[in-house]
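Colleague: Structure, please.
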Amino acid sequence: MEESETLGLKRKNWAGNYTFKAKNLYEPSTIAEIQDLVKRLDQIKALGSKHCFNDIADSSKNQISTKQLNKVLGLDKDKKTLTVEAGARYGDFCKELHAPGFALHNLASLPHITVAGACATATHGSGVKNGNLATAVQAIELVMPNGELKNLDKSDPDFYAIVVGLGAFGIITKLTLEVQETFDVQQNVFLDLPLERLALYFDAIMSSGYSVSLFTDWRDKKISEVWVKQKVAGDPIQMDTDFYGATAATKNIHPFLAQSAECCSEQMGMPGPWYDRLPHFKMDFNPSAGEELQSEFFVPRKNAMEAILALEALNEQIYPHLFISEIRAIAADDFWMSPCYHQDSVAIHFTWKPHVNEVMELIPKIEGTLAAFNGKPHWGKLFTMNPKALQQQYEKYPDFLELTKKYDPERKFKNHFLSTNIY
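Modeller: Residues are numbered from 1 along each chain as shown. Next comes the predicted model:
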């Protein structure tokens, strides 16, 4: 096991906007080593792929990295489940899952994130019928504060609190995921969708593919790109060059039009395996812009178009500091602290330029605008919402809080993020 004393050593998240404060970083290679660390240390947090933009994975004292716990432990073809270690990244095993004929139901735009971290923060892809990534979870293994292992599945009443658990209950070491028969996807991109057409046909547009993403910089009253990902069997699906007033792209493009599409998944209606089309970015390339900030807010799908139009009023304040916004649909789920708990939702995502002061002044304005639509922030991205207001958005919050006391009475997994937003 590797232990790194990090006093005086600056360690940052992947985008470079956050510097971890934990004094010690441990990189165990076995679950037994994690158990030993958890048993003897205090103030601990698990660290995954470092893709969060806030301090949710930080600690005042100790971080335990799951980087070396990245193995695929087994595919059960009869039960249609796949068990992986918590530090496995989606892009590392999806091709291996596809080879014997299986697939996950969905992927996020980046394949570089760990399974445990994605599920703990309710990270998602898109699709009106697709739940977030945590909805694939069938069972987990958790290291408790005393170092003991606990296994939970859907029959356990605590399951739906702990999977999207924000790191509050322990360190998840294994996850069993539901899989399905593999499938191919084709991706077509359309440019310059008028905002008025989106307002008229919002549900039809968001339902036009298995997964649909809208990209906008909030200028010119238009959606600059519509990415439609469709399941396909055999020959490609022929799509009209006109899509609700948008025109078909004639080459592969990046969500940020000015950047090269070399790092992006294949477009132009060319079918390919699910794992190579559902993410926007290829595993072998640096995703997105790299040096950036991100925030994201969820609103009920039924109110999504109203929320989008309300944000349009802030366009002149938003676009000077923005790379791009992405709008996606997510189906309702049963996880207590998921923004989509019992609610079909639409997520409005902002990829910001690294203008920290300006962005942190804008986020409260965006939150204020979305308050009328019960907007909730993504747990792993930047937000400033008042903790009491945030807690009131979650009907299961009181039960969640009580369960954290049961699992971690001495608050071994407490950190600044949980102290501020949950405790």
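Colleague: Check the burial of Gly87 by counting its neighbours.
Modeller: Neighbourhood size, Gly87 [other CB atoms under 10 Å]: 25. To be clear about C-beta, it is placed using only N, CA and C from the backbone, and glycine gets the same treatment.
Colleague: Could you check which helix or strand contains it?
Modeller: In the assignment (DSSP states H and E), Gly87 maps to no helix and no strand.
Colleague: which ones are touching it?
Modeller: Listed by CB atoms under 8 Å, 6 or more residues apart in numbering, the contact partners of Gly87 are Gly48, Ser65, Thr66, Lys67, Gln68, Leu69, Asn70, Thr114, Ala116.
Colleague: which residues does the fourth one contact?
Modeller: So that's Lys67. Remark: with contacts taken as CB under 8 Å, 6+ apart, Lys67 is in contact with Glu27, Leu47, Gly87.
Colleague: Can you list the strands that the strand or helix carrying Val299 pairs with?
Modeller: For Val299, the element it lies in under DSSP H and E is strand 293-300. Sheet pairing of strand 293-300 (DSSP bridges) gives strand 345-352 (antiparallel), strand 376-377 (antiparallel).
Colleague: Report all helices and strands that the following helix or strand past the longest one contacts.
Modeller: Secondary structure here is assigned by DSSP H and E; on that basis, the next helix or strand after strand 345-352 toward the C-terminus is helix 356-370. Packing partners of helix 356-370 (3 or more CB pairs under 8 Å, 6 or more residues apart in numbering; DSSP states H and E): strand 293-300, helix 304-312, helix 315-318, strand 345-352.
Colleague: Tell me which of those lies nearest to Glu326.
Modeller: Glu326 lies closest to strand 345-352 among the helices and strands packed on helix 356-370, at 4.4 Å (CB to CB).
Colleague: So which residues of the stretch 101-250 of the chain form strands?
Modeller: 102-103, 137-143, 149-153, 171-178, 180-181, 184-194, 211-216, 222-232, 242-243, 246-248 (DSSP state E, counting those that start in this stretch).
Colleague: Would you format those as a markdown table with distance to Glu410, mean neighbour count and mean pLDDT included?
Modeller: A markdown table is the format used below for the strands of the stretch 101-250 of the chain (distance: least, CB to CB, whole Å; neighbours: other CB atoms under 10 Å; pLDDT from 0 to 100):
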| stretch | distance to Glu410 | mean neighbour count | mean pLDDT |
| --- | --- | --- | --- |
| strand 102-103 | 41 | 20 | 98 |
| strand 137-143 | 15 | 22 | 98 |
| strand 149-153 | 16 | 14 | 98 |
| strand 171-178 | 15 | 22 | 98 |
| strand 180-181 | 41 | 10 | 98 |
| strand 184-194 | 47 | 21 | 97 |
| strand 211-216 | 43 | 24 | 98 |
| strand 222-232 | 46 | 23 | 97 |
| strand 242-243 | 56 | 15 | 96 |
| strand 246-248 | 55 | 17 | 97 |
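Colleague: show me where pLDDT drops low in this protein?
Modeller: Along the chain, segments meeting pLDDT under 70 span 1-9, 285-290.
Colleague: Find the centremost residue of it, please.
Modeller: In the chain, the residue lying closest to the centroid (CA atoms, centre = their mean) is Thr123, at 2.4 Å.
Colleague: For it, list the residues it contacts.
Modeller: Contact partners of Thr123, counting by CB under 8 Å, 6+ apart, are Ala108, Ile113, Gly117, Asn132, Leu133, Ala134, His378, Gly380.
Colleague: Would you mind giving those residues as CSV with distance to Leu37 and neighbour count added?
Modeller: Shown next, in CSV, are the contacts of Thr123 (distance: CB to CB, whole Å; neighbours: other CB atoms under 10 Å):
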residue, distance to Leu37, neighbour count
Ala108, 29, 21
Ile113, 23, 27
Gly117, 18, 26
Asn132, 29, 26
Leu133, 27, 26
Ala134, 25, 25
His378, 29, 22
Gly380, 23, 25
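Colleague: Dump these to a markdown table, plus distance to Leu401.
Modeller: Shown next, in a markdown table, are those (distance: CB to CB, whole Å):
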| residue | distance to Leu401 |
| --- | --- |
| Ala108 | 28 |
| Ile113 | 27 |
| Gly117 | 22 |
| Asn132 | 22 |
| Leu133 | 24 |
| Ala134 | 20 |
| His378 | 20 |
| Gly380 | 20 |
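Colleague: which one of the residues you listed is nearest Ile171?
Modeller: Nearest member of the contacts of Thr123 to Ile171, counting by CB to CB, is Gly117, at 11.3 Å.
Colleague: Once you drop chain neighbours, what's closest to that closest one?
Modeller: Leaving aside its sequence neighbours, Gly117 sits nearest to Gly48 (CB to CB, 6 or more residues apart in numbering; 3.4 Å).
Colleague: The one you found contacts Thr66, correct?
Modeller: Yes: contact criterion CB atoms under 8 Å: Gly48 and Thr66 qualify, at 5.7 Å.
Colleague: Now do the shared contacts for these two.
Modeller: Ala86, Gly87, Thr114, Ala116.
Colleague: And those, which is closest to Glu402?
Modeller: Set against Glu402, the nearest of the shared contacts of Gly48 and Thr66 by CB to CB is Ala116 (23.3 Å).
Colleague: how far away is Gln180 from Tyr275?
Modeller: Taking CB to CB, to the nearest Å as the measure, Gln180 and Tyr275 are separated by 13 Å.
Colleague: How about Gln392?
Modeller: In this view, Gln392 and Tyr275 are 38 Å apart by CB to CB.
Colleague: Can I get the strands of the stretch 101-250 of the chain in TSV including distance to Ala307?
Modeller: Below are the strands of the stretch 101-250 of the chain laid out as TSV (distance: least, CB to CB, whole Å):
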stretch	distance to Ala307
strand 102-103	32
strand 137-143	29
strand 149-153	35
strand 171-178	31
strand 180-181	32
strand 184-194	17
strand 211-216	13
strand 222-232	14
strand 242-243	23
strand 246-248	21
